[in-house]
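K.L.:
pasting the sequence and the predicted model now:
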Amino acid sequence: MTSPTSIRMAGLIRLALPLAAAMLSAGAALAQAPELPDKVPVPELNQSQSAQEAAPADVPIPEPRPGDAPKPDQPATDKMDQQKSDQHQQARPQPPAVAPTPTEKPAAPKPPEKPAQAPEKKIPPDPRSAAVPQEKMPDEELACRRRLKSMGVDFEERKAEHDAAVGCSVPYPIALKTLGKSLDINPESELNCQMAEAAARFAADIVQPAAKAELGAELKSVGQASAFVCRHRNGGGKLSEHAFGNALDIASFTLSDGRRIDIRPAPPEKEAKFLNAIRKAACGPFKTVLGPGSDADHSLHLHLDLAPRRNGGTFCQ
């Protein structure tokens, strides 16, 4: 007896056989079909088509510069304006990429360096700066005082002058009150005795005769501008002769008729003759004579001193 399962299997096989035969028949038909071409031919344009419709192949199209390409929606008119603007910018001269550096002006020449100044020579100390009074006045000092008294000179003894810091020194100074009988000096003058004697002799032996001869009057008094002063020379350097009471500056002369003759650069003719005469005669008794014309410091007085010089020489200007 046949089972139900066997009956179903037999039915499925009967159905599958016709389906397999149909599939085999379709595959054979496909294999015999002609092959299609890879590309479909495109029909050529009509040779009679108007030349205006075909774009010329040899017209160059300007390449857009980077960043200047028109936007997709930019109108044709804007494109033409843009091209004109680009051509105009190309025609204009472009500034150089790097600005030229201006030429520098040549540096001004440096002034020549001043030569190094030689060190100042040390001035040796004046040996007179160490002079101090002794317990007993020297004989030459006593003799000088006796001569002054014999000439009728009125004077007073003064305390010794000494300044160790500066170097000024007058061990035996005197203060002149007159230059002789009836011959005054104003104001009184502190000097060493040797300079006081030279001034008294100058007034009596030189100035008095010249006043009578040139001006017709006697000398009454002498106006002094400086006697002992503890200082250096004008302009520095060595000590002045005034620092040793060894110099006298005379500024004027007063006559018996009341006239006053001042020391100055350009006095009247008669006065000038008188002043020139005494100035010339002073060179010899005094070792230094300076007055108007020698320098600006002596334009208004006559400087007289007994500065020791080599071989007993003089310096007169």
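P.N.:
Perfect, thanks for sending it. Numbering: from 1, shown residues only.
K.L.:
so where do the strands sit in the stretch 51-200 of the chain?
P.N.:
Under the criterion DSSP state E, counting those that start in this stretch, strands of the stretch 51-200 of the chain are mapped to 155-157, 161-163, 168-170, 173-180, 183-192.
K.L.:
partner strands of the third one and their direction?
P.N.:
Just to be clear, that refers to strand 168-170. Strand 168-170 sits in its sheet next to strand 161-163 (antiparallel), going by DSSP bridges.
K.L.:
which parts of the strand it pairs with are buried?
P.N.:
Using 16 or more other Cβ atoms under 10 Å as the burial criterion, the residues of strand 161-163 that qualify are 161, 162. For glycine as for every other residue, the C-beta is placed from the backbone atoms N, C-alpha and C.
K.L.:
cool, and stretch 280-288?
P.N.:
Applying 16+ other Cβ under 10 Å to stretch 280-288 flags 281, 282, 285, 286, 287, 288 as buried.
K.L.:
return the most buried member of the strands of the stretch 51-200 of the chain.
P.N.:
Burial of the strands of the stretch 51-200 of the chain is given as mean neighbour count (mean count of other Cβ atoms under 10 Å); strand 168-170 ranks first at a mean of 24.
K.L.:
contacting residues around that one?
P.N.:
128-132, 160-163, 190-192, 228, 230-231, 239, 243-245 (Cβ atoms under 8 Å, 6 or more residues apart in numbering).
K.L.:
ok, back up a step: so which of the strands of the stretch 51-200 of the chain is nearest residue 218?
P.N.:
strand 183-192 (9.0 Å; Cβ to Cβ).
K.L.:
hmm, who's touching that closest one?
P.N.:
158, 161, 170, 172-179, 196, 199, 203-204, 208, 219-224, 227-228, 244-246, 248.
K.L.:
where does the stretch 201-317 of the chain have low pLDDT?
P.N.:
Applying pLDDT under 70 to the stretch 201-317 of the chain flags residues 235-236.
K.L.:
how about the helices in it?
P.N.:
Using DSSP state H, counting those that start in this stretch, the helices found in the stretch 201-317 of the chain span residues 208-215, 269-282.
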